[in-house]
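J.: Generate a structure from the sequence data that follows.
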Amino acid sequence: MPRTSQLRVVDIMSTAVITMKVTDVITSAHAEMEVGMIRHLPVVDDHGRLVGVLSDRDILNARNAKAKISDVMTRDVISIRPDVPAAKAASIMLDEKISSVMVVDEHGTLVGLVTMTDYLDLARRALLGLPLER
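T.: The predicted model follows:
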């Protein structure tokens, strides 16, 4: 079992990620969030490259429920590579006051995301003496 200082983002990130396209409408994204009980939806292009992120706050602040995701999403997305130490992603989240970081490969293709919930699960596993990786 690796020590927490040796964990990489790939060891704790979620890979079963629901994504949206810029042309999708906010109501579709809102429905996906409710069904999946999630707060962030990565927005990708036709090649799976990350182009933005849509948060539950973006949806709440939207004035038109039929607007396209491109009208309300955050385009300046903080992302990280899967081989980066997990501690670095945690530092980014704390420093930037964000609750998730998108994980992309060398081509900018989305491969997962890491959230506060992933770190809480890591803490739970460490406290219970369970394996740290998923």
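J.: In contact with residue 110, which residues?
T.: 17, 19, 42, 44, 48, 49, 50, 102, 103, 104 (C-beta atoms under 8 Å, 6 or more residues apart in numbering). No exception for glycine: its C-beta is placed from N, CA and C like everyone else's.
J.: Most widely separated two among those?
T.: Using C-beta to C-beta, these span at most 13.7 Å, a distance reached by 17 and 49.
J.: Looking at those two, which is more packed in?
T.: Neighbour count, other C-beta atoms under 10 Å: between residue 17 and residue 49, residue 17 has more, with 18 against 13.
J.: and the next element down the chain from the helix or strand residue 57 falls within?
T.: Assigned by DSSP states H and E, residue 57 falls within helix 56-61. Using DSSP H and E, the helix or strand that follows helix 56-61 in sequence is strand 79-80.
J.: What lies in contact with that following strand?
T.: Applying C-beta under 8 Å, 6+ apart, the contact partners of strand 79-80 are 9, 50, 88, 89, 92, 101, 102, 103, 104, 108, 114.
J.: Export those residues as a markdown table, with columns for pLDDT.
T.: A markdown table is the format used below for the contacts of strand 79-80 (pLDDT from 0 to 100):
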| residue | pLDDT |
| --- | --- |
| 9 | 96 |
| 50 | 97 |
| 88 | 96 |
| 89 | 96 |
| 92 | 97 |
| 101 | 97 |
| 102 | 97 |
| 103 | 98 |
| 104 | 98 |
| 108 | 94 |
| 114 | 96 |
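J.: nearest to residue 25, of those?
T.: Nearest to residue 25 among the contacts of strand 79-80, with distances taken as C-beta to C-beta, is residue 50, at 19.8 Å.
J.: Isn't the closest one up against residue 111?
T.: No - taking C-beta atoms under 8 Å as the definition, residue 50 is not a contact partner of residue 111, at 9.5 Å.
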